[in-house]
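1. Turn this into a model:
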Amino acid sequence: MNDRADGDVTDMDPDLATPSNDAAAPALPREDWIDRIEELCAEEGYFEPLGSRHWAYFHDDGPILLVSFESLDRILARKGQMPFGHDVAVANGWSHLTVICDGETWFRDPKVWGYFDRLVDEAFFEDFDRVLFYGAGDGGYAACAYCVCAPGATVLAISPRATLDPAVAGWDQRATAKRRLDFTSRYGYAPDMTEGAARVFVIYDPHLPENAMHAALFRADWVTPLPARHFGDSIENAIEHTGLLPALLTAACEARLDRQSFARLWRIRRRFAPYLRNILRKAELAQRPRLALMICRSVVRRLGGPRYRRKMLDLEAKLGLPPGASPAIDPAPSAPNGGAGTGSATTD
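-> Predicted coordinates:
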């Protein structure tokens, strides 16, 4: 199928350049940004500190609520300097609650626990027809952990951790300094906290062992795993840069998200430059030139990238193949440097 006619992709120039998110307006420093957000929330919401390292930003705009979790540094670095769910919520007429952290807190703070306790006591979530929790990485952990406060909510979590408690996830060596945080008391073990959710969607890269193991801990009938291979921990960046986030959130909120609909939406990766470079690199590291040639031909046929055309001609010459001749697929050797599993590294 021709990607230009799929209707599920964003435009990208012929050189496959990654779309830019650079802001035209000057970025505000932290203190000025906080003042600006307080002004924005003055009439239809609030901006409230939760201790010294967290804030709650709430904008009241409709009967559907999007709850998201994000770091302040990421917000300040984004074009427009607004939480990632803000534009989606405004476009759809949703209300929006973002819990913001300053640094890698993993949202493990009694002040945050107390805030969600207060929302439960006030029956805050009962005021909304539907509630959707969203986050990625540590935010994905938080989305799963705090969704227990809104029974019947839907959760969309990208690369979530189940816990950093070494007694459960000692095999994950990526954030050992954060193990001193309390993951055993209130809202601690994320998979258990999803028990009251209607649906939980976990997007993860099964080729990244730690993320695959965390995803495997979310074992329940209401959990739908959604593999996104060859992205590692950059799935959230890919979703943002390709403009896919609004469609994913809307589909999840409207109960239209499942494995099939995600697969259709995720075809956008076939035009995402970092993904194409990554699968080509994996094929080359695995010493599979025929697979690399198939990848280059697919890109050239669909998108016409000149760098991939040059690589395609070079591989055809090295393999002694006339242009367009179908190469026999390489065997899949057990290769070093992460080469295992590249047999599925195609753009289809």
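2. Closest to the centroid, which residue in the protein?
-> Glu236 (2.9 Å; C-alpha atoms, centre = their mean).
3. so that one makes contact with Gly137?
-> Yes. Assessed by C-beta atoms under 8 Å, Glu236 is found in contact with Gly137 at 7.0 Å. Where C-beta positions appear, they are placed from N, C-alpha and C, glycine not excepted.
4. intersection of neighbour lists for the two?
-> 158-159 (C-beta atoms under 8 Å, 6 or more residues apart in numbering).
5. would you put the C-alpha positions of the helix or strand in which the residue nearest to the centre of the chain is found in PDB?
-> Using DSSP states H and E, Glu236 falls within helix 235-241. These are the backbone C-alpha positions of helix 235-241, laid out as PDB (Å, rounded to 0.1, in the frame of the first residue of the first chain):
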ATOM      1  CA  ILE A 235       8.300   5.700  21.800                       C
ATOM      2  CA  GLU A 236       6.900   8.800  23.400                       C
ATOM      3  CA  ASN A 237       9.100  11.100  21.300                       C
ATOM      4  CA  ALA A 238       8.100   9.200  18.100                       C
ATOM      5  CA  ILE A 239       4.400   9.600  19.000                       C
ATOM      6  CA  GLU A 240       4.800  13.300  19.700                       C
ATOM      7  CA  HIS A 241       6.900  14.100  16.600                       C
END
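6. That one packs against which elements?
-> Helix 235-241 makes packing contacts with strand 154-158 when contacts are defined by 3 or more C-beta pairs under 8 Å, 6 or more residues apart in numbering; DSSP states H and E.
7. So which elements touch the strand it packs on?
-> Judged by 3+ C-beta pairs under 8 Å, 6+ apart, strand 154-158 is in contact with strand 130-136, helix 138-146, strand 199-204, helix 235-241, helix 245-253.
8. Please identify the most buried of the ones you listed.
-> helix 138-146 (a mean of 28; mean count of other C-beta atoms under 10 Å).
9. What lies in contact with that one?
-> 67-71, 99, 101, 104-107, 116, 133-135, 155-163, 187-191, 193-194, 200, 202, 218.
10. Show me just the buried residues among those.
-> 67-71, 99, 101, 105-107, 116, 133-135, 155-163, 187-191, 193-194, 200, 202, 218 (16 or more other C-beta atoms under 10 Å).
11. Which of the contacts of helix 138-146 fall in strands?
-> Among these, the ones falling in strands (DSSP state E) are 67-71, 99, 101, 133-135, 155-158, 200, 202.
12. wait, what's in contact with the residue nearest to the residue nearest to the centre of the chain when sequence neighbours are not counted?
-> Excluding its sequence neighbours, the residue lying closest to Glu236 (C-beta to C-beta, 6 or more residues apart in numbering) is Ala136, at 3.8 Å. The contact partners of Ala136, taken as C-beta under 8 Å, 6+ apart, are 157-160, 235-236.
13. Likewise for Arg74?
-> Applying C-beta under 8 Å, 6+ apart, the residues near Arg74 are Phe84.
14. and it, that one's in a helix?
-> Yes. Membership of Arg74 in a helix is supported by DSSP: H, G, I helix; E, B strand; the rest coil.
15. gap between it and Trp222?
-> Shown here: Arg74 relative to Trp222, a distance of 29 Å by C-beta to C-beta, to the nearest Å.
16. Check which residues of the lowest-mean-pLDDT helix or strand in the chain are buried.
-> Within the chain, no helix or strand scores below helix 30-40, which has a mean of 85 by mean pLDDT, DSSP states H and E. Residues 33-34, 37 are the ones in helix 30-40 that count as buried (16+ other C-beta under 10 Å).
17. Over to stretch 50-59?
-> 50, 53-59.
18. Quick check: which of these has the minimum pLDDT.
-> The lowest pLDDT within the buried residues of stretch 50-59 belongs to His59, with 90.
19. Double-check it against His96; I have them as touching.
-> Yes. The pair His59 / His96 is scored as a contact, 4.8 Å apart, by C-beta under 8 Å.
20. Overlap in contacts, those two.
-> 86, 89-90.
21. if I pick Arg53, what's in contact with it?
-> So Arg53 contacts 101-103, 105, 109 (C-beta under 8 Å, 6+ apart).
22. Please tabulate these in JSON lines, including the columns pLDDT.
-> Putting the contacts of Arg53 into JSON lines (pLDDT from 0 to 100) gives the following:
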{"residue": "Cys101", "pLDDT": "96"}
{"residue": "Asp102", "pLDDT": "94"}
{"residue": "Gly103", "pLDDT": "92"}
{"residue": "Thr105", "pLDDT": "96"}
{"residue": "Asp109", "pLDDT": "96"}
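23. Tell me who's in contact with Gly196.
-> Residues in contact with Gly196 (C-beta under 8 Å, 6+ apart) are 147-148, 150-153.
24. where does it land in three-state SS?
-> coil.
25. how far away is it from Ser95?
-> For Gly196, the distance to Ser95 equals 20 Å [C-beta to C-beta].
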